[in-house]
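**Q** Please find the sequence and the predicted model below.
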Amino acid sequence: MRRFLAHLTLAAAALGLSASLAFAQLPGGGVSQHGSVTATHCAEWFANGQVEDSGAGCGGSGSPGGNPSTIQWNNAGSFGGISDWTTSGTSDLTGAAGSTIAVNGASLNGYTAAITGPSFQSGANQAVTFTAFNGATNATTAIQRLVTNLSGTQFGLYVDLQSTNSTANSVAQGIFANVAVPSSNATNISGLVGSQGRVNYAGTATAGIANGIQGLVTNSNTGTVTTAYAASIAVVNNGGGTIGTSQTINVGQPNGGTGGTWTQIYGIYIADHKPTGSDTLTNPPIALDIQSQTAAGAYAIKQEGSGLNSFAGATTLSAALTYGGVALSNSVTGTGSMVLSASPTLTGTIGAASETLSGNLSTRQVTEQASALTGCNGSTATMDLTKGTYFYCTVSAGTVTLAVSNPASSGQVSSFTLELTNGGSQTVNYMSGTKWPGGSAPTLTSSGVDLLVCSTRDGATTWRCVASELNSH
């Protein structure tokens with residue numbers, strides 16, 4: 001269905017003819033008769049060739065202004081073309097470089113524009129190329145602002161979402177970034193970044209503080225915020241795929257250049273968690289809370305690579321701790337180096353396999369583990385000094401040969417006490433290099449208990465032994 005101005009009726013009126021149209025010449029040569037069309041009215045024809053009067057006020061007159069595809073406007077009653085804005089006649093509107101759109105009298109290319117209602121921008125494979133601090137960059141939406149003389153705080157993008165929503169249990173989000181690869185795309189991609197904050201200070205003066213990403217939760221009235229997260233992040237894998245390595249937070253290595261200075265570096269810095277002001281603190285603050293790790297072999301804290309494991313300042317461990325691969329609880333055991341303060345207070349049971357304690361050690365009581373020997377029935381009985389320094393066994397048959405494993409290196413002292421029951425009932429051979437007072441080994445009791453004490457300072461080359469007790473009852 002199309003409309004056209006009944007110029008034929010106007011021409012007929014100008015010639016003094018009837019001011020109505022009985023026959024109309026249609027585009028394509030067809031002629032149809034259907035009533036009459038009043039002068040200055042529009043004629044409307046249909047696919048079946050019929051023509052009808054469609055009334056007055058159906059449009060302007062004259063030829064379009066400007067170039068083909070330019071947007072038209074009413075230029076004092078005539079058509080005018082807007083040269084900077086074109087359209088293909090469908091749904092897209094294109095502006096030339098430097099073109100602006102004003103909303104509520106304010107240019108969107110200027111300071112502030114108020115938009116009432118939702119705004120949606122989409123594109124198929126479109127991007128804007130602009131020059132950023134690090135060169136040419138393309139983006140679906142680019143906001144670039146050159147600040148030359150403004151005091152206070154400047155914002156590249158400021159989102160002010162004030163929720164007056166009366167619907168319960170709704171969620172208000174200031175900015176939501178979603179970067180997605182659809183399931184139809186099977187092409188490898190080098191990386192996806194949902195949100196990235198970057199501060200580039202290329203000045204030559206001083207910047208007080210630089211935050212790549214800053215999160216702030218404010219409860220500014222008397223309401224209750226059940227749980228406040230200044231930053232809440234998680235990794236999700238719920239589609240049956242594979243995540244090679246999941247790092248919820250990755251603190252990268254500081255990237256230096258040439259000639260710069262780093263005064264102090266903190267991987268993670270946790271400030272004092274006592275609130276300022278006069279608020280009431282119900283429970284003591286916890287700077288770092290690691291919940292139960294239920295996976296088999298899970299670590300609460302694990303260090304890989306070189307470096308010193310140390311705690312500076314006062315440290316209180318009130319629950320289970322894993323040190324050197326060994327779970328530490330009331331009984332503290334393990335291997336490796338443990339750095340303690342100058343005057344540590346140690347309670348409970350401390351098992352030290354090869355630790356070095358420097359300075360003065362003051363204690364009320366020292367206990368050690370008694371270890372039963374095997375091989376006292378006609379074989380070799382080996383005393384492993386990593387398991388303790390007090391050993392005992394009952395000699396029952398055959399020749400018994402005594403041996404020692406894991407003694408201290410030369411320059412350090414190793415010693416042990418051996419409790420032998422019925423040692424004189426069989427032949428007992430001592431370690432190589434064993435020395436006795438007067439040059440002779442003692443005669444052991446055939447039915448009773450003997451105590452022998454031995455020590456070495458040359459890596460077990462020489463053992464100096466003495467019978468502390470013979471035939472002890």
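**A** Nice, I can see it.
**Q** what about the nearest residue to residue 197 once chain neighbours are set aside, distance to residue 198?
**A** The shortest distance from residue 197 to any non-neighbouring residue, by C-beta to C-beta, 6 or more residues apart in numbering, is to residue 213 (3.7 Å). The way it works is simple: take the backbone N, C-alpha and C, and place the C-beta from them, glycine included. Distance of residue 213 to residue 198, given as C-beta to C-beta, to the nearest Å: 9 Å.
**Q** which other residues reach stretch 281-288?
**A** 270, 273, 274, 275 (C-beta atoms under 8 Å, 6 or more residues apart in numbering).
**Q** separation between the last one and residue 282?
**A** Relative to residue 282, residue 275 is positioned 11 Å away (C-beta to C-beta).
**Q** neighbour-wise, which of the two wins?
**A** residue 275 (10 against 5; other C-beta atoms under 10 Å).
**Q** ok, back up a step: what's near enough to touch the residue nearest to residue 197?
**A** 195, 197, 231.
**Q** Save those as TSV, and put in pLDDT, distance to residue 241 and neighbour count too.
**A** Formatted as TSV, the contacts of residue 213 follow (pLDDT from 0 to 100; distance: C-beta to C-beta, whole Å; neighbours: other C-beta atoms under 10 Å):
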residue	pLDDT	distance to residue 241	neighbour count
195	83	22	10
197	82	27	8
231	85	25	10
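**Q** Output these in TSV; the columns should cover secondary structure and distance to residue 394.
**A** Below are the contacts of residue 213 laid out as TSV (DSSP: H, G, I helix; E, B strand; the rest coil; distance: C-beta to C-beta, whole Å):
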residue	secondary structure	distance to residue 394
195	coil	73
197	coil	73
231	coil	66
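**Q** Let's have those in TSV, adding distance to residue 395.
**A** As requested, these are exported to TSV (distance: C-beta to C-beta, whole Å):
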residue	distance to residue 395
195	75
197	75
231	69
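**Q** per the record, what domains does the chain have?
**A** What automatic domain parsing lists as the domains of the chain is 2-53, 318-356, 370-472.
**Q** Out of these, point me to the one whose mean pLDDT is lowest.
**A** In terms of mean pLDDT, the lowest-scoring of the domains of the chain is domain 2-53 (a mean of 50).
**Q** Flag the shaky bits of the stretch 101-250 of the chain, pLDDT-wise.
**A** The stretch 101-250 of the chain contains residues with pLDDT under 70 at 102-134, 138, 140, 142, 144-145, 150.
**Q** Which parts of it are helices?
**A** Remark: helices of the stretch 101-250 of the chain are absent; assignment by DSSP state H, counting those that start in this stretch.
**Q** what about the strands in it?
**A** 102-103, 106-107, 128-132, 135-139 (DSSP state E, counting those that start in this stretch).
**Q** circling back to that earlier point, nearest to residue 467 among the contacts of stretch 281-288?
**A** residue 270 (59.9 Å; C-beta to C-beta).
**Q** what helix or strand does the closest one sit in?
**A** Using DSSP states H and E, residue 270 sits in no helix or strand.
**Q** how close does it get to residue 152?
**A** From residue 270 to residue 152 the distance is 30 Å (C-beta to C-beta).
**Q** quick one, which of the two is more surrounded?
**A** The neighbour count for residue 270 versus residue 152, taken as other C-beta under 10 Å, is higher for residue 270 (8 against 4).
**Q** How many neighbouring residues does the spatially closest residue to that one that is not a sequence neighbour have?
**A** Leaving aside its chain neighbours, residue 270 sits nearest to residue 287 (4.6 Å; criterion: C-beta to C-beta, 6+ apart). Residue 287: 8 surrounding residues under other C-beta under 10 Å.
**Q** Any figure for the gap between residue 287 and residue 389?
**A** For residue 287, the distance to residue 389 - C-beta to C-beta - is 41 Å.
**Q** Which one of the contacts of stretch 281-288 is nearest to residue 459?
**A** residue 270 (47.0 Å).
**Q** who's in contact with residue 464?
**A** Contacts of residue 464 (C-beta under 8 Å, 6+ apart): 434, 435, 454, 455, 456.
**Q** Same list, those, but as a markdown table with secondary structure please.
**A** What follows is the contacts of residue 464, written out as a markdown table (DSSP: H, G, I helix; E, B strand; the rest coil):
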| residue | secondary structure |
| --- | --- |
| 434 | strand |
| 435 | strand |
| 454 | strand |
| 455 | strand |
| 456 | strand |
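**Q** Include distance to residue 141 and neighbour count when you put these into a markdown table, please.
**A** Shown next, in a markdown table, are the contacts of residue 464 (distance: C-beta to C-beta, whole Å; neighbours: other C-beta atoms under 10 Å):
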| residue | distance to residue 141 | neighbour count |
| --- | --- | --- |
| 434 | 86 | 16 |
| 435 | 88 | 14 |
| 454 | 82 | 22 |
| 455 | 80 | 16 |
| 456 | 78 | 24 |
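**Q** Nearest to residue 297, out of those residues: which one, please.
**A** Closest to residue 297, out of all of the contacts of residue 464 and judged by C-beta to C-beta, is residue 456, at 39.6 Å.
**Q** Tell me the spacing between that closest one and residue 86.
**A** 98 Å.
**Q** same check, this time on residue 374
**A** Counting by C-beta to C-beta - residue 374 and residue 86 are separated by 97 Å.
**Q** These two: which has the busier surroundings?
**A** residue 86 (19 against 10).
**Q** what's the nearest residue to that one if we skip its chain neighbours?
**A** Residue 86 sits nearest to residue 69 (C-beta to C-beta, 6+ apart), 4.5 Å away.
**Q** so what's that neighbour up against?
**A** Residues in contact with residue 69 (C-beta under 8 Å, 6+ apart) are 86, 87, 88, 89.
**Q** Of those residues, select the buried ones using a PyMOL command.
**A** The PyMOL selection below is limited to those of these classed as buried (16 or more other C-beta atoms under 10 Å):
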select buried, resi 86
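**Q** what's the farthest-apart pair in the contacts of residue 69?
**A** Spatial extent of the contacts of residue 69 (C-beta to C-beta) is set by the pair 86 and 89 at 9.9 Å.
**Q** Quick one: residues contacting the residue nearest to residue 447 when sequence neighbours are not counted.
**A** Spatial nearest neighbour of residue 447, chain neighbours left out: residue 422 (5.8 Å); criterion: C-beta to C-beta, 6+ apart. Counting by C-beta under 8 Å, 6+ apart, residue 422 touches 394, 395, 396, 445, 446, 447, 448.
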